[in-house]
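1. Got a predicted structure here, sequence first:
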Amino acid sequence: AKTHYHGFVVQATKVTRLCKTRNSITVNGQFPGPTLEVNNGDSLVIKVINKAKYNVTIHWHGVRQIRTAWADGPEFITQCPIRPGQSYTYKFTISGQEGTLWWHAHSSWLRATVYGAIVIHPKQGDSYPFPKPNRDSVIMLGEWWNANPIDVINEARRTGGAPNVSDAYTINGQPGDLYNCSSKDTIKVPMSSGETNLVRVINAALNQQLFFKIANHKFTVVGADASYVKPFTTSVLMLGPGQTTDVLIKGDQTPGRYYMAARAYASAQGAPFDNTTTTAILEYTTAKSNSSKPVMPTLPPFNDTNTATAFTTSFRSPGKTLVPKTVDENLFITAGLGINKCPPKAKASTCQAPNNTRFTASMNNVSFVLPSNFSLLQAHHNGIPGVFTTDFPAKPPVTFDYTGNVSRSLWQPTRGTKVYKLKYGDKVQVVLQGTSIFTAENHPIHLHGYDFYVVAEGFGNFNPKTDTSKFNLVDPPLRNTVSLPVNGWAVIRFVADNPGTWIMHCHLDVHIGWGLAMVFVVDNGVGLMESLQQPPKDLPRC
Ligand code: C2O
């Protein structure tokens, strides 16, 4: 196995999109940032130098970080932010994961432009569980704002309202030729007749689930979130922010040009979103001319929950899995939005959510608040009191009809830095229950430090009497982000075998900012082998 050394300079860079130029925060002046290419088993040493005017951290999304929680990246969870002018070196090993992950800033809304792919090839000497592809390409779906995204979120924080939606969706940083001033920069992906190509699709958008399609071409899905899956074919993908899907596509169509396109899957009732389409072009190198108008795929309508569900429930693990058959910890966690009454003397301009309120979000009615003096990991590791409390509830404080007409009194979560403690080795089940408080939405729920099995999902309220019969304890898929269905539930299982402080949150950045998060604290195991490593010398201070 190899060790790969990289330098990431976080800096302001002029970027032009949609006819406008603005300073964007980038890594090494690149947008999207550099792709990290490794083999399973390799190690990475990445020195991040912050030359921007904002605090920053980098998260290696989906990398398990076994015993290396110090390198996970979410600010105030596993480290204090890297201040302007400072640096921090992330050191970790890719172990047991193959496929596609990605990295992104985990500080305010910086990840709008600070992100890139992590391509993980099979272990040296191993091969894919499918014929070796002729080409390997990365498709990163994203969102672009004409305004500085940090200003957008700061403005929403000030007003208590919802932040402005983005001005374009993007593929590899480019809106594509259906948007103004974007044609000449449209991304082109080569294909030759007879080839089979591996395409790694990543949803790096901040706040939008996306459908993805290529005209006339079918996908064979072979992986997701850096785990292989039992191959299945589909003509459309749906990815929540944070998720990755690896597909094979065949050059079996008339040589020519075909649009690859993505647009919103907006399950929310009444929440604003952008209904435009981003495109790239699949271009046959074997075509006679490459000036023909590309063929456009028909994307599902934005509210097509049936298509989204048919896709998300098609995933299976390829072989026998290690899914826990019994559980030591069984949690029931609601996830949803809410609105808080305005504080008594607040100015009207700071209460711009409906009926003079402020938007909020919660898990089990707790709006998660980041600490500010220490990271949770430092506080846990060094026994610093007063940074967090261990009273995150194992079930909602009151039982109600989660997906029905919810009483207004339940819209007001409490705030706190509450964690849930797990013993090393615990077999954990979490029933995630979406709520229709204020508005029902899909929530892409992401857990740091683990992959989990998605053993079941469904609509309505989870019913422990009848829904347990739907559990797949044979070949459930392994993921790091699950699309919690709109007005529905999902059940995940994992073994708490990685010590540290691990945040579980909605990967819509607008929701994490409102508090849709909680943290698991996992104790050390008995021996040195199970324990968390000592903190690195250059760990940033708050
Ligand atoms: Cu991809 Cu906590 O994030």
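-> Now that the structure is in, tell me what you want to look at. Please read all numbers here as calculations on a predicted model, not as lab measurements.

2. if you average pLDDT over the helix or strand that contains H4, what comes out?
-> Secondary-structure element containing H4, defined by DSSP states H and E: strand 3-17. What strand 3-17 shows for mean pLDDT is 98.

3. Please name every helix or strand in contact with that strand.
-> Counting contacts by 3 or more CB pairs under 8 Å, 6 or more residues apart in numbering; DSSP states H and E, strand 3-17 packs against strand 20-27, strand 36-39, strand 43-50. From N, CA and C alone the C-beta is placed, and that goes for glycine too.

4. Turn these into CSV, including distance to the ligand and mean neighbour count.
-> Formatted as CSV, the helices and strands packed on strand 3-17 follow (distance: least, CB to the nearest ligand atom, whole Å; neighbours: other CB atoms under 10 Å):
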stretch, distance to the ligand, mean neighbour count
strand 20-27, 15, 19
strand 36-39, 15, 18
strand 43-50, 16, 19
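
5. could I get the ones you listed as a markdown table with mean pLDDT?
-> As requested, those are arranged in a markdown table below (pLDDT from 0 to 100):
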| stretch | mean pLDDT |
| --- | --- |
| strand 20-27 | 97 |
| strand 36-39 | 98 |
| strand 43-50 | 98 |
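
6. Touching, V486 and N303? I think so.
-> No. Contact between V486 and N303 fails when scored by CB atoms under 8 Å: they sit 9.4 Å apart.

7. Mind telling me what element the residue nearest to I139 when sequence neighbours are not counted is part of?
-> Nearest residue to I139 in three dimensions, chain neighbours excluded: V201, at 4.8 Å (CB to CB, 6 or more residues apart in numbering). Using DSSP H and E, V201 sits in strand 196-203.

8. List the neighbouring strands of the helix or strand just after that strand plus their orientation.
-> Tracing the chain past strand 196-203, the next element assigned as helix or strand by DSSP H and E is strand 209-214. Sheet pairing for strand 209-214, assigned by DSSP bridges, gives strand 237-239 (antiparallel), strand 257-265 (antiparallel).

9. I'd like those strands written out as TSV, with mean neighbour count, distance to L248 and mean pLDDT added.
-> Formatted as TSV, the strands paired with strand 209-214 follow (neighbours: other CB atoms under 10 Å; distance: least, CB to CB, whole Å; pLDDT from 0 to 100):
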stretch	mean neighbour count	distance to L248	mean pLDDT
strand 237-239	26	13	98
strand 257-265	24	14	97
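
10. Residue of the protein closest to the ligand, please.
-> Using CB to the nearest ligand atom, the closest approach of the chain to the ligand is made by H61 at 3.7 Å.

11. From C181, how far out is that residue?
-> According to CB to CB, to the nearest Å, H61 and C181 sit 31 Å apart.

12. Which one's more surrounded, these two?
-> H61 (28 against 13; other CB atoms under 10 Å).

13. ok, and the closest non-adjacent residue to the more buried one?
-> Nearest to H61 is W102, by CB to CB, 6+ apart, at 5.2 Å.

14. between the host helix or strand of the one you found and strand 3-17, how big is the angle?
-> Element membership of W102, judged by DSSP H and E, is strand 99-105. Interaxial angle, strand 99-105 versus strand 3-17 (axes from the mean of the first three to the mean of the last three CA atoms, to 10 degrees): 60 degrees.

15. The helix or strand that comes right after strand 99-105 - what's its average pLDDT?
-> With elements assigned by DSSP H and E, the helix or strand that comes after strand 99-105 is strand 115-121. The pLDDT scores in strand 115-121 average 98.

16. for stretch 210-218, same thing?
-> Averaging pLDDT residue by residue across stretch 210-218 gives 98.
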